[in-house]
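Participant: just a sequence and a predicted model for now, questions to come.
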Amino acid sequence: KITVDVDNKEIILKITLYIIILAISAAAMAEGDDKIYQKKTIYLIRHAQSEENRRLNSLKSSFRSVTRLSLPKSEDVSSSLNLLNIPAQIDSDVSELGDNQIKQLAETLRNEQFLVKKGIQLVAHSPLKRARQTSEGMLGCGSSMDTKPDQVQRVVELDLLKEKSPHEWIPGNGGALRKRIHDLEIWLMRQPEETICLVGHSQFFKKMLNLNFLFGNCDVWEVMLSDLDIKETDTGDEEYEMGRGWSGLKKLYSYQES
């Protein structure tokens, strides 16, 4: 018969508890690793040309004419003056050219079976009209539409995707935009869908990806998002240097002027 004194019982109990704690910690770490190395495929689409874009182009054209000591076109001057209506610029419709861009890219994506072949599960678009109209026209996906493509599981309108606001342009207020971008990244990683398409705005995407250029109207880009810092997984063949968590950026489709 084996007898165990009180002191040995306490030691055995402590060792047993220690082993249980180690096992629980290991399981938690394993689960955490799964989350850290989770990757999602994100497709980014900049909205079609808006009336604001058209007016800004007219202003640039007028300025170029003046610097060449020639009179600007009357239609450029008229369009430029409309920029004084600030609220109309913040949430403007797509222009006539923008409508043509949407139609061309919609046909391209339809012929390429973009939604099916890329396995798009979730479409999220900015609430601003130019982004919503682009999402509806190019993808057939809008938060206010009664129907959506069968392969898309959800369509949402997302305030986080709004363009860089006048408040966020003010020097010293950059933190507000960075926080909104961070909130979007967290939102993306928390969604159950693995393949997500975002329809939004050039300045927002530029800041989010830490780029030195703007997407063109109706450009379609593919990029990967991961919890893992891309600096630790950089293979050296990245075409673009991007912010933490983003990698593998490549352009898929763009508007072709006729």
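Facilitator: The structure has been received and is ready for your questions.

Participant: list the contacts of the nearest residue to residue 254 once chain neighbours are set aside.
Facilitator: In space, residue 254 comes closest to residue 219 once its chain neighbours are excluded; the distance is 4.9 Å by CB to CB, 6 or more residues apart in numbering. (Glycine included, C-beta is placed from N, CA and C.) Applying CB atoms under 8 Å, 6 or more residues apart in numbering, one finds that residue 219 lies in contact with 44-46, 251, 253-255.

Participant: which among these end up buried?
Facilitator: Using 16 or more other CB atoms under 10 Å as the burial test, the contacts of residue 219 include 44-46, 253-255 as buried.

Participant: in strands, which of those residues appear?
Facilitator: Members of these lying in strands (criterion: DSSP state E): 44-46, 253.

Participant: ok, of the residues you listed, which one's closest to residue 137?
Facilitator: residue 45 (10.8 Å; CB to CB).

Participant: in this structure the closest one contacts residue 202, no?
Facilitator: No - judged on CB atoms under 8 Å, residue 45 makes no contact with residue 202 at a distance of 10.8 Å.

Participant: what do those two both touch?
Facilitator: With CB under 8 Å, 6+ apart, residue 45 and residue 202 have no common neighbours.

Participant: surely residue 202 meets residue 44?
Facilitator: No - using CB under 8 Å, residue 202 is not in contact with residue 44, being 10.0 Å away.

Participant: identify the contacts common to the two.
Facilitator: With CB under 8 Å, 6+ apart as the test, residue 202 and residue 44 both reach residue 215.

Participant: gap between residue 128 and residue 143?
Facilitator: Per CB to CB, to the nearest Å, residue 128 is found 12 Å from residue 143.

Participant: looking at these two, which is more packed in?
Facilitator: Comparing residue 128 with residue 143 by other CB atoms under 10 Å, the one with more neighbours is residue 128, at 22 against 17.

Participant: wait, that one sits on residue 163?
Facilitator: Yes - using CB under 8 Å, residue 128 is in contact with residue 163, at 6.4 Å.

Participant: residue 131 in helix, strand or coil?
Facilitator: The three-state assignment at residue 131 reads helix, by DSSP: H, G, I helix; E, B strand; the rest coil.

Participant: and it, what does it touch?
Facilitator: By CB under 8 Å, 6+ apart, the contact list for residue 131 reads 47, 125, 161, 199-201.

Participant: can you do 7 Å?
Facilitator: By CB atoms under 7 Å, 6 or more residues apart in numbering, the contact list for residue 131 reads 47, 125, 199-201.
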